[in-house]
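[1] My questions are about this predicted structure, shown below with the sequence.
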Amino acid sequence: MSTAPFMPHDVVMRKLAVHRAWLDGGTGGGPVSLAHANLFGFDFTGFDLREVDFAGATLQGARFVGADLSSAVLAGANLTGVSFRDAILANADLTGAQLSGAIFEGADMRAVSLRGASGLPAEGSQRSINGVETVNFAGALMHKANLSGAQFERAEMAQTDLTGANLERASLRRASMSGAVLRNANLTHADLTHADLTDSLITGADLSGAQLAGANVDRANLIGARLRDVDLSQVDISQARLAPPADIVAAELQHSLENHDRWVRSEGRRGARASLDGVDLSDADLRGLNLSGADLRGAILTRALLNDALLVLADLSGADLSLASLARCNLSGANLSGCNLSLADLTDAILNSAPILTPQGEETGRQQETRLKGADLTGAVLDGVDLAAADLNGGAERPAVVTAKDQLPA
């Protein structure tokens, strides 16, 4: 415990009142500083703490349940045993924080920095020591979070969404990560020794140089993952998915894709438009392909990898893209009406309007918006996506479904 005197409740409340006035646009002032304060056991449940500076503070046993800590600074703070259940920590800075026993269940931690943070309990503990448990991130949203070099051995990370997160050189030894989502994550040189990765989604992730000895990867989806310099000799991969099924992108389909590429490049003079309506492309690796103008109506693209693909003016109406990876994909002018994009990763995807051309490749002066009428975007990762130019309603009674947590707060 800190040797600094405990900050009285009324002093904290006065400081936060000034902070609220500043948040509401009051003149003067700025974000309140509670840096290095002793706030042991303080209850901040439901508080608006956006941009508050808690750097180096003693917050052992404090409660932040449902609090808004967007862009708050908690670098170097002692957060042992703190509850952040259902809190918002988007863009918060927890660099080097002590997180032993902290609970982040259901928290929104998108773009949070946990660089060099530690969730390690006392030496010799299995899951806990003297009642202090290891850090719990179960079910948290941690899209694009920075956990580089973090020490989270034995951490509870079941069902945690770490899409696009940076876990370079992080220690996740014996971590419980069953059902975790690690799409497109950076796990280079991470230590996953004896980690539980059962049923996890690791498509497109970079595990170069990672340590996986004794890890449980039963039913884990590693399609498209980079495994350079990874020793799998002590890993049972018999139940893991390391490559798409053999019939995905078979010879006939490959021929269709090649013909389509010629059709696009020649502006319709050679080759033929790909007609893939209703085709099952689940788990297919289609990264970087040019599928502009392709007919993919009703196609099944569940968990497919489409990072950096070109789908300009493609017809994906009614397609199933749930859990698909579409990072940096160009969907300008595409028809996504009625498309299932639930839990898809659309990080930095492009949804601009696209010019409509004649069959001869000449401009008509007209633009086609990306159509999302009736699309389901529940739980989709939309970081860096501008929906302003997209048609979400289509003039009909079935607008796109976009839940409140699908985008980072402003």
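    It's in.

[2] Residue 138 and residue 22, how far apart?
    To residue 22, residue 138 is 34 Å away according to Cβ to Cβ, to the nearest Å. In this view, the C-beta of every residue, glycine as well, is placed from N, C-alpha and C.

[3] more crowded one of the two?
    More crowded of residue 138 and residue 22, by other Cβ atoms under 10 Å: residue 138, with 20 against 16.

[4] so how far is residue 106 from the more buried one?
    8 Å.

[5] cool, residue 253 as well?
    41 Å.

[6] ok, now residue 289?
    37 Å.

[7] and the two? which has more neighbours close in?
    residue 289 (20 against 17).

[8] Tell me the pLDDT of that one.
    Residue 289 carries a pLDDT value of 87.

[9] now residue 214, nearest residue through space, not along the chain?
    Nearest-residue entry for residue 214: residue 194, 4.2 Å, with adjacent residues in sequence omitted and distances by Cβ to Cβ, 6 or more residues apart in numbering.

[10] who touches that neighbour in this structure?
    173-174, 213-216 (Cβ atoms under 8 Å, 6 or more residues apart in numbering).

[11] can you pick the most crowded of those?
    Neighbour counts for the contacts of residue 194 (other Cβ under 10 Å) peak at residue 215, which has 27 neighbours.

[12] Residue 17: which element?
    If you go by DSSP states H and E, residue 17 is part of helix 9-23.

[13] what do you get for residue 261?
    helix 251-265.

[14] tell me what whatever helix or strand comes next after that helix is packed against?
    Once the chain leaves helix 251-265, the next helix or strand it forms, by DSSP H and E, is strand 354-357. With contacts taken as 3 or more Cβ pairs under 8 Å, 6 or more residues apart in numbering; DSSP states H and E, strand 354-357 sits against strand 363-368.

[15] mind listing what's buried in the strand it packs on?
    If you call a residue buried by 16 or more other Cβ atoms under 10 Å, then strand 363-368 has these buried ones: residue 368.

[16] Stretch 338-349 now?
    Neighbour-count burial for stretch 338-349 [16+ other Cβ under 10 Å]: 338-349.

[17] Turn those into JSON lines, columns for distance to residue 262 and pLDDT.
    As requested, these are exported to JSON lines (distance: Cβ to Cβ, whole Å; pLDDT from 0 to 100):
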{"residue": "338", "distance to residue 262": "30", "pLDDT": "95"}
{"residue": "339", "distance to residue 262": "27", "pLDDT": "95"}
{"residue": "340", "distance to residue 262": "30", "pLDDT": "97"}
{"residue": "341", "distance to residue 262": "29", "pLDDT": "96"}
{"residue": "342", "distance to residue 262": "34", "pLDDT": "95"}
{"residue": "343", "distance to residue 262": "34", "pLDDT": "94"}
{"residue": "344", "distance to residue 262": "29", "pLDDT": "96"}
{"residue": "345", "distance to residue 262": "30", "pLDDT": "96"}
{"residue": "346", "distance to residue 262": "28", "pLDDT": "95"}
{"residue": "347", "distance to residue 262": "30", "pLDDT": "94"}
{"residue": "348", "distance to residue 262": "28", "pLDDT": "94"}
{"residue": "349", "distance to residue 262": "26", "pLDDT": "96"}
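
[18] which of those residues lies closest to residue 205?
    residue 345 (11.3 Å; Cβ to Cβ).

[19] right, and that closest one touches residue 322 too?
    No. Using Cβ atoms under 8 Å, residue 345 is not in contact with residue 322; the gap is 11.0 Å.

[20] circling back to that earlier point, gap between the residue nearest to residue 214 and residue 337?
    Residue 194 is 46 Å from residue 337, where distance means Cβ to Cβ.

[21] In the stretch 1-150 of the chain, where is pLDDT below threshold?
    Residue ranges of the stretch 1-150 of the chain with pLDDT under 70: 1-3, 26-29, 121-133.

[22] what about 50?
    1, 122-132 (pLDDT under 50).

[23] which intervals of the stretch 151-300 of the chain have sub-threshold pLDDT?
    248.

[24] and if we set it to 80?
    243-255, 257-258, 261, 264-269 (pLDDT under 80).

[25] Leaving out the residues flanking it, which one is nearest to residue 75?
    residue 95 (4.4 Å).

[26] Just to be sure, that neighbour is in a helix?
    No. Using DSSP: H, G, I helix; E, B strand; the rest coil, the assignment for residue 95 is coil, not a helix.

[27] so what's it up against?
    75-76, 113-117.

[28] Could you do residue 112 as well?
    89-94, 142, 145-146.

[29] if you set the cut-off to 6 Å instead, what comes out?
    With contacts defined as Cβ atoms under 6 Å, 6 or more residues apart in numbering, residue 112 is in contact with 89, 92, 145.

[30] Return the member of those residues nearest to residue 63.
    For these, the closest approach to residue 63 (Cβ to Cβ) belongs to residue 89, at 14.2 Å.

[31] thinking that closest one is in contact with residue 109, fair?
    Yes. With contacts counted by Cβ atoms under 6 Å, residue 89 reaches residue 109, the gap being 4.7 Å.

[32] mind listing the strands for the stretch 101-250 of the chain?
    Assigned by DSSP state E, counting those that start in this stretch, the stretch 101-250 of the chain shows strands spanning 128-129, 132-133.
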